[in-house]
Structure formats: structure tokens, C-alpha cells
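**Q** Next come a sequence and a model predicted from it.
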Amino acid sequence: MITIKVNGENKELEKSTDIINFLKSNNIDPIGVTIEYNFEVINSENIPGIMLKDGDTLEILRFVGGG
Amino acid sequence: MKNNLERYQRQLLLKDIGEDGQQKLFDSKVLVCGAGGLGSPALTYLAAAGIGHIGLCDFDVVSPSNLNRQILYTPTELGKQKAEIAKIKLEKFNPDVEVTIYSQRLTEDNAGDIFKNYDILIDAVDNFPDRYLINAAAYKSSMPLVCGAVCEFEGILTTIVPKENTSCFQCIYPFKPSTDLTSKTFGIFGAIAGIIGSMQALETIKFILGLHCLRNKILIFNGIENTYRVKDVVKRKNCKICQY
């Protein structure tokens, strides 16, 4: 079991997983969001392969640009 | 002080406004980029508050799909220039307010010339390319900028102050979206645009009055869950806009 912080709230995961699978399991389309991993915004090209570890912080912000 | 103070009586009672604050609002010049879903409520509440000079930049005409959220317009105005209609309505709504319109597309070439006539800008456009353009031009012109945006039932709000070297829109979204994320593709619920556009007017007025604003922070509103979240925006080390 690991605990990560997602959008300011603690979330427990049964096991370590990568960010893409985490997003998919939460029904979030990676194309529609910007990801801040441990306080740094990461390019979507670099997201695959990043494994979430205990204590990691993730901010998921949708691309909101309409008006 | 202008004569018609009775219409401002309820806000003159507020300790953060009073006659001195109202005079600041009368003396201020605000440019709103976009007179659509966000711009409609933002412009209306700026005019209601007595902002002395409002600039309005929008090249678009009214279309039927605008009417679920763009409350300045009616079905009888389809096909007409938004900026022209908005000017007439806002000046009628509050004759103390002078509205200047720019019925042209904002570009890298004309943005600085337009921005320099104002004290503060509101980004109320409907697409990412224009948001990046306005953010860059605002930073280049050292103009404070209140950004608001909506998508489906969500909205965001932040205030950028180049003279204070705050983080910018590109610090929030450094990597541009890979798909066409406009209101045509994802949809917007009208009341969400109403909420965020109204908050843009509030944020602008607070900035003019020297009150608390969302510097280096972003407010994220979710209308389905009824949640507000305010998150820090860290200035990016290599931001091409605000680090140079």
C-alpha cells in the first residue's frame, strides 16, 4: 500500500502504478489534462514510465480554456 | 466625484470601497478581451460597479450557439457585431461608463498598442492560442491580467501581475494542449461562465482597490461537486514568458 497526495488530498493505492494507468483508472483522459508531479509540471511526452511512489504529490489540472 | 452616486449607494457602504474607492473605480480603465460567455457577466458587473472606462475587444458576431451563456445578446441580434451591441447596452445600463470597442482580432502586432491605454486586462477569450498571446503581450507590456476560463462544468481564475513578477498563464499550462480544446468541442454550461466571468469582474475591482487577489494562485471551481480549490502556482524556472 502506498499513499500519494492527489489535488491536495491523500489517496491510498494498493500498489505502485504509473501515472498513465492511474489517470485511466480514474477515468481521466491524459490528453485533456496538465500534470504537476512533485511540484513540477511535466510534458505529456514524459509521463509514460513515471511510477508513483509513496509520498508523491500529483496535481491534475484540466485544460480549461473556453469562454 | 461624478454626480450620480445614488446607484452606487450599496457599495459605498462597504468599508473596502467608500467614496475613495468609488473614485478609483471611476478613474480606472479596464480592457476586456472577449465579449462572450465570460465577457458578458464581467462587462456587466464592471459597468455596474462604475468602472469609468471599459475597453472591449471582440471581432465576432452573435450566433445561435452563443445564447446559452452570452447574456448580453438576444436572438434579434444574430449576425451583428458583439462589440457594437455590448457598447450600446453597457452605456445604456450605466451612462457613467464610457466604452471603447476594438472589433478586430487581437494579434501580437496590435496587442501592445491596445493594452497601453488601460490599467488592467481581463482575459475572457474562448481558446488557448489567444490566451497564450494575451499572457505574453500582457507580460511584455507589464500589464496586470485577470485570467478566467471555463470548460463543461469547471472554471479557473488567476491574476497575473508582471510588475510583481508573479507566475503567468504559461506557468500553469506550459505545454500547449495537443487537441483543439474550444467550446465547440467540449461544451460549456452557461451558469459556469456566469460564475467565473463575475469573479473576473470582482478580481479586477479588488485589484484596482488594492485588495487581496489570486497572485501566484489559481482558483479551480467545479460546478458539479460544488467545490472551490485554491492552489499555488509555482513560477517555472524556464518559463519563456515571465522569466525574461
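**A** On my side now, so go ahead. Numbers count the residues shown, from 1 in each chain, chains lettered A, B, ... in the order given.

**Q** which ones are touching B:Ala111?
**A** B:133-134, B:137, B:141 (C-beta atoms under 8 Å, 6 or more residues apart in numbering or on different chains). Heads up, the C-betas are built off the backbone N, CA and C, glycines and all.

**Q** what sits up against the helix or strand containing B:Val30?
**A** In this assignment (DSSP states H and E), B:Val30 forms part of strand B:29-33. Strand B:29-33 is contacted from outside by B:39, B:42-43, B:46, B:51-58, B:106, B:114-115, B:117-125, B:130, B:134, B:204, B:208, using C-beta under 8 Å, 6+ apart.

**Q** sorry, back to before: could you identify which of the contacts of B:Ala111 has the most neighbours?
**A** Per-residue neighbour counts (other C-beta atoms under 10 Å in any protein chain shown) across the contacts of B:Ala111 peak at B:Ile134, which has 27 neighbours.

**Q** Please name the nearest non-neighbouring residue to that residue.
**A** Nearest residue to B:Ile134, sequence neighbours excluded (C-beta to C-beta, 6 or more residues apart in numbering or on different chains): B:Asp123, at 4.9 Å.

**Q** I'd like the distance between the one you found and B:Leu43.
**A** 13 Å (C-beta to C-beta, to the nearest Å).

**Q** Quick check on these two: which one has the bigger neighbour count.
**A** B:Leu43 (31 against 28).

**Q** doesn't B:Lys87 make contact with the more buried one?
**A** No - between B:Leu43 and B:Lys87 there is no contact under C-beta atoms under 8 Å: 9.6 Å.

**Q** which residues does the residue nearest to B:Ile134 contact?
**A** B:33-34, B:131, B:134-135, B:145-149, B:169.

**Q** how about 7 Å then?
**A** B:33, B:131, B:134, B:145-148 (C-beta atoms under 7 Å, 6 or more residues apart in numbering or on different chains).

**Q** now A:Val33
**A** A:60-63.

**Q** Roughly how far does the spatially closest residue to A:Leu13 that is not a sequence neighbour sit from A:Lys15?
**A** Nearest non-adjacent residue to A:Leu13, counting by C-beta to C-beta, 6+ apart: A:Ile2, 5.2 Å away. Plainly put, A:Ile2 is 7 Å away from A:Lys15 if you go by C-beta to C-beta.

**Q** Ok, B:Val97 next?
**A** In terms of C-beta to C-beta, B:Val97 sits 60 Å off from A:Lys15.

**Q** cool, B:Ile51 as well?
**A** 55 Å.

**Q** Of those two, which one has the most company?
**A** B:Ile51 (30 against 7).

**Q** Verify the stated contact: the more buried one with B:Ser28.
**A** Yes - using C-beta atoms under 7 Å, B:Ile51 makes contact with B:Ser28 at a distance of 5.6 Å.

**Q** Pull the contacting residues for A:Val6.
**A** A:Val6 touches A:58, A:60, counting by C-beta under 7 Å, 6+ apart.

**Q** now with 10 Å?
**A** A:13, A:22, A:26, A:52, A:56-60 (C-beta atoms under 10 Å, 6 or more residues apart in numbering or on different chains).

**Q** Just the buried residues from these, in ChimeraX please.
**A** Command for ChimeraX, covering only those of the contacts of A:Val6 found buried under the criterion 16 or more other C-beta atoms under 10 Å in any protein chain shown:
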select /A:13,22,52,56,58,59,60
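
**Q** In helices only, show me the contacts of A:Val6.
**A** In helices, judged by DSSP state H, the following of these are found: A:Phe22.

**Q** And the contacts of A:Val6, which is closest to B:Ile188?
**A** A:Ile60 (20.3 Å; C-beta to C-beta).

**Q** Relative to A:Pro30, how far out is that closest one?
**A** In terms of C-beta to C-beta, A:Ile60 sits 10 Å off from A:Pro30.

**Q** what does B:Gln70 give?
**A** 31 Å.

**Q** now B:Asp20
**A** 50 Å.

**Q** now do B:Tyr118
**A** For B:Tyr118 relative to A:Pro30 (C-beta to C-beta), the value is 38 Å.

**Q** okay, these two: which has more neighbours?
**A** B:Tyr118 (20 against 17).

**Q** doesn't B:Thr100 make contact with that one?
**A** Yes - B:Tyr118 is in contact with B:Thr100 according to C-beta atoms under 10 Å; the separation is 9.4 Å.

**Q** who touches both of those two?
**A** The contact sets of B:Tyr118 and B:Thr100 overlap at B:29, B:31, B:53-55 (C-beta under 10 Å, 6+ apart).

**Q** And the next helix or strand past the helix or strand of chain B with the lowest mean pLDDT?
**A** Within chain B, no helix or strand scores below helix B:183-186, which has a mean of 70 by mean pLDDT, DSSP states H and E. Per DSSP H and E, helix B:183-186 leads on to helix B:190-209 as the next helix or strand towards the C-terminus.
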